[in-house]
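Chemist: no sequence on hand, only this structure:
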């Protein structure tokens, strides 16, 4: 496979393969009349970033909290893979050798960060948003949601997708209302209360039984 199959390029090849796989799954899902949820048609994002100082500014610079986390992750993987393979290809053509794997990761990572910001900024402009149907965050209370990224534990929130009264998707950070509970990706939950940027949730089945 040439440069793509070289051991020094394995992380970059894998990154691009993941992007390709997710894209292929989405195309297949659309052909079958469904959606896998990777590229949701409702791309309104409301992930709150409640961080101060340099870290909060860095997350905002990367557009974290301004669009779905999965879209940003895929964008980063794409930029990382292209940056790494591009760098190694250029070195191979000019010097006849490529950087060893550990050394090549850092420059590819540093190139991928501004690349992610650039592409993310472009995506923000084209993703569908309807400001006339904007809703307050308090209106999400009582709504059902699904954990999309991460595992929600008390003190360790995860991302969840919630649909508002207009059927649009919003992405919020949630953690269990009970310290003993955890919710993995795919779990159905109900938003009970809000503490700053984090929503407290309970298992959807539990709430239904109580009703």
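Modeler: All right, it came through fine. Only a predicted model underlies this, so the values are computations on that prediction, with no experimental measurement involved.
Chemist: mind listing the strands in this protein by residue range?
Modeler: Along the chain, the segments classed as strands by DSSP state E run 144-149, 158-163, 169-176, 188-195, 198-203.
Chemist: quick one: the second one to strand 169-176, angle?
Modeler: Spelled out, it's strand 158-163. 130 degrees (axes from the mean of the first three to the mean of the last three CA atoms, to 10 degrees).
Chemist: show me what strand 158-163 is packed up against.
Modeler: The contact analysis (3 or more CB pairs under 8 Å, 6 or more residues apart in numbering; DSSP states H and E) places strand 158-163 against strand 144-149, strand 169-176. Just so you know, the C-beta spots here come from the backbone N, C-alpha and C atoms, and that holds for glycine as well.
Chemist: how is the protein divided into domains?
Modeler: The chain breaks down by automatic domain parsing into domains covering 2-43+50-126, 131-210.
Chemist: tell me how far the ends of the first one are from each other?
Modeler: Between the opening and closing residues of domain 2-43+50-126 we find a distance of 36 Å, counting by CA to CA, to the nearest Å.
Chemist: could you redo the strands of the chain as TSV and give each row mean pLDDT and distance to residue 13?
Modeler: Putting the strands of the chain into TSV (pLDDT from 0 to 100; distance: least, CB to CB, whole Å) gives the following:
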stretch	mean pLDDT	distance to residue 13
strand 144-149	89	24
strand 158-163	88	27
strand 169-176	87	30
strand 188-195	89	36
strand 198-203	90	37
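Chemist: quick one: closest of those to residue 57.
Modeler: Nearest to residue 57 among the strands of the chain is strand 169-176; the distance by CB to CB comes to 18.4 Å.
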